[in-house]
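[1] with the sequence up front, the predicted model follows.
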Amino acid sequence: MLRAITVYVVVAFFILILGPPLLLWSVISGSTDALYTVGIFGAKAALFMAGVRISVTGREKIPTGKAVVFMPNHQSNCDPPAVAIILPPVLIMAKKEFFRVPVLGTSMRMRGSIPVDRTNRERAFDAVDQAVEALKSGHSFLAFPEGTRSKTGRLQTFKKGVFVMAIKAGAPIIPISVSGTRKIMRKGDYKIYPGPVRITIHDAVPTAGCDISDRAKIAGQVRQAIMAGLSAEEQPIEPNTD
C-alpha cells in the first residue's frame, strides 16, 4: 500500500501543484506544449515509482507526419500513461467522467482532447464529429475501442464510435496490444503492484476510401491485431459482436 500512496502523491503533485501555474502559462503563451511535456514527464515518474517495467515491440510502426488513431485494449488505469509516454503527442478521446478530474480535465480540454458522453447519443455523435475535424487538421488521437476497463483483463467487445471517427476522417488505425497492466492496477482495487508491461504496436489498418458500412470489417481487423499481442488469459471468451 505504501507504493500506491507514493504514486498517488506523485500524481497529485504534478496535477495539483504544477498543473495550475502551467495552465496559466498556457493561457498567457497560447500554447499547451509545456503542459503536455510536463504531463508526460509526470506519467513517466508515476510509472517508475509504481515499479512498472515497459517493453515495446514495433516502435518503428508508429507513423510520423500523418494523423492516425492509436487504439489499445484497456485493462487498467495504468494503460493511458503507459501508452502515451511511447507515442508522439496525441489528443485523447475518453469518457466524460475522466475530464472531471480537477486541473487534469481542464488541461485535457485546453489541449483539444474530447470527452464522450456515453449516456447521450446526440452528444456522443457530436464528440465523434469534433474528433473527425481534429484528425483532418492533423491531430492524432489515442482512443480505447472497448470504451472502459476490462474487469477480468480479457479483451471486451468494441464500441462503434471510434471506428466511425477514423473512417470519416480517412485516418489509419494503429492497433496496440497492452499486456500485463491488470496485474498492476485492477479495476476496483486501489493497490498498485510492480511488474512488467508488454506493449506491441501493430501494422496500420487503413480506412481511406472506406465508408461506414466497412466499420465491422475494420473493427475485426483491429481486434485480430490486438489479440495477437495478448496472453492466453487476456484473450476474449465472449462472442465477437462488433
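    Right, received. Where do you want to start?
[2] helix, strand, or coil at Ala45?
    Under DSSP: H, G, I helix; E, B strand; the rest coil, Ala45 falls in the helix class.
[3] now do the helices in this structure.
    Listed in chain order, the helices of the chain (DSSP state H) span 2-12, 19-29, 33-50, 79-84, 104-111, 121-136, 161-169, 215-228.
[4] quick check: which of these is nearest to Arg182?
    Smallest distance to Arg182 across these (Cβ to Cβ): 9.3 Å, for helix 79-84. From N, CA and C alone the C-beta is placed, and that goes for glycine too.
[5] now that closest one - C-alpha only, PDB.
    Output of helix 79-84 as PDB, limited to C-alpha atoms (Å, rounded to 0.1, in the frame of the first residue of the first chain):
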ATOM      1  CA  ASP A  79      -2.900   1.900 -19.700                       C
ATOM      2  CA  PRO A  80      -3.200   5.600 -20.700                       C
ATOM      3  CA  PRO A  81       0.100   6.700 -19.200                       C
ATOM      4  CA  ALA A  82       1.900   3.600 -20.300                       C
ATOM      5  CA  VAL A  83       0.800   4.100 -23.900                       C
ATOM      6  CA  ALA A  84       1.000   7.900 -24.000                       C
END
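[6] what lies in contact with it?
    Helix 79-84 has contacts (Cβ atoms under 8 Å, 6 or more residues apart in numbering) with 40, 43-44, 46-47, 52, 54, 70, 72-73, 90, 92, 94, 142, 144, 149, 176, 178, 181, 197, 199.
[7] quick one on the thing from earlier: tabulate the helices of the chain (JSON lines), appending distance to Gly209.
    Conversion of those to JSON lines gives the following (distance: least, Cβ to Cβ, whole Å):
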{"stretch": "helix 2-12", "distance to Gly209": "42"}
{"stretch": "helix 19-29", "distance to Gly209": "38"}
{"stretch": "helix 33-50", "distance to Gly209": "32"}
{"stretch": "helix 79-84", "distance to Gly209": "28"}
{"stretch": "helix 104-111", "distance to Gly209": "30"}
{"stretch": "helix 121-136", "distance to Gly209": "15"}
{"stretch": "helix 161-169", "distance to Gly209": "10"}
{"stretch": "helix 215-228", "distance to Gly209": "11"}
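[8] thank you, goodbye.
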